[in-house]
Structure formats: C-alpha cells, structure tokens
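Trainee: no FASTA, just this:
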C-alpha cells in the first residue's frame, strides 16, 4: 500500500503535528466506544486551542464523520504524513520468546527463578520463597507483567531446599 502526500490545499487547518497527535489519540489501545460523533476529536482539539469550526469541517471533508471513521478513513492517507505510524500488532513477543527471555517479567519473578535453581545449595531456599511471594504480589498488582511460573518454581524449590536445610541443621 502506497502513501500519497496530500496536496497543499488539502492540508489540515490545525497543522500536521496536531493531526498526528489526534490520530495517535484516537488510535490508542483502549479508546472509549465510538458514539458516531466527533466527541473525542472535539475534546482533543479544544484542549489544544484549535478553532473548531474549520477543523471539524476539514475532518468531515476527509471522511471523518465520527471519531472511529477518522482512524479508519484517514490513517492510510494522513498517518505517515502527519508523523503517526500505528503500532505493529506483531510487536508483542510470542509465548516462546517470553518464556526464554525476561521481557515483561517481574524482577522478583526472575530473582525467584534463579534462586530456586540455586536452592540445590540449600542456603538460597528461603530467599527463593521470599522473592517468589514478592513476585506474585507484583504480578497481581500489575497484570501486564509475566512470571508466575518462575515465582512458583522459586517458591517450591525454596520450600524443598528450606526443609532439607532445616533437616541438615537438626542433624548437626
């Protein structure tokens, strides 16, 4: 798909930078449901001190009769010209990449996983438990984070190691 540069006479009355910001605002990850009016656009432009009548007339002339239509009809023609490129939906790492790398992981989950592995030495066991619990709390507070399996791995390995450590200390 090629992007054509709109002619000078078609330029928005409020500038390309503001148009790019408007497109980014309307195309954000969790926008409100479209009311099939220009409510979001009107609020956005008002907040930036843009004269509404010519701005809304220009948006309608471009096919933007409501907020969702601005995104659907104008993004291809105006997005890159205005400096807005929609995020690629393939940017989200795959499950395999997330499993093998610490992308989007709780730092506590990572620490718990490694301490769980080191629990074979017995002494890191209690620390694996503590970091695992802290990791689970952090993940519960921020659902975008991953790492529950690492937390549970650290907690379980830490419990086994701690029990073995207590048994060894009692034998001594």
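Mentor: It's in. In this text, all values refer to a predicted model and were calculated from it rather than measured experimentally.
Trainee: Please name the nearest non-neighbouring residue to residue 36.
Mentor: Using C-beta to C-beta, 6 or more residues apart in numbering and skipping the chain neighbours, the partner closest in space to residue 36 is residue 66 (4.5 Å). For the C-beta atoms, the positions are set from N, CA and C on the backbone; glycine is no exception.
Trainee: Residue 34 is in contact with the one you found, correct?
Mentor: Yes - between residue 66 and residue 34 there is a contact under C-beta atoms under 8 Å: 5.8 Å.
Trainee: Tell me the buried residues in the helix or strand residue 149 falls within?
Mentor: Per DSSP states H and E: residue 149 is located in helix 148-171. Neighbour-count burial for helix 148-171 flags 148, 150-155, 157-162, 165 (criterion: 16 or more other C-beta atoms under 10 Å).
Trainee: Export those residues as CSV, with columns for pLDDT.
Mentor: Listed next are the buried residues of helix 148-171 as CSV, based on pLDDT from 0 to 100:
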residue, pLDDT
148, 91
150, 90
151, 94
152, 95
153, 94
154, 94
155, 96
157, 94
158, 94
159, 95
160, 94
161, 92
162, 93
165, 90
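Trainee: Let me see the ranges of the helices in the chain.
Mentor: 16-26, 39-47, 52-61, 67-78, 95-100, 107-118, 125-141, 148-171 (DSSP state H).
Trainee: Which of these has the lowest mean pLDDT?
Mentor: Of all those, the minimum mean pLDDT falls on helix 95-100 (a mean of 66).
Trainee: follow-up on the earlier one: pLDDT score assigned to the residue nearest to residue 36?
Mentor: You'll see residue 66 listed with a pLDDT of 88.
Trainee: Any idea how many residues pack against it?
Mentor: For residue 66, the neighbour count with other C-beta atoms under 10 Å is 18.
Trainee: if I pick it, what's in contact with it?
Mentor: Residues near residue 66 by C-beta atoms under 8 Å, 6 or more residues apart in numbering: 34, 35, 36, 37, 38.
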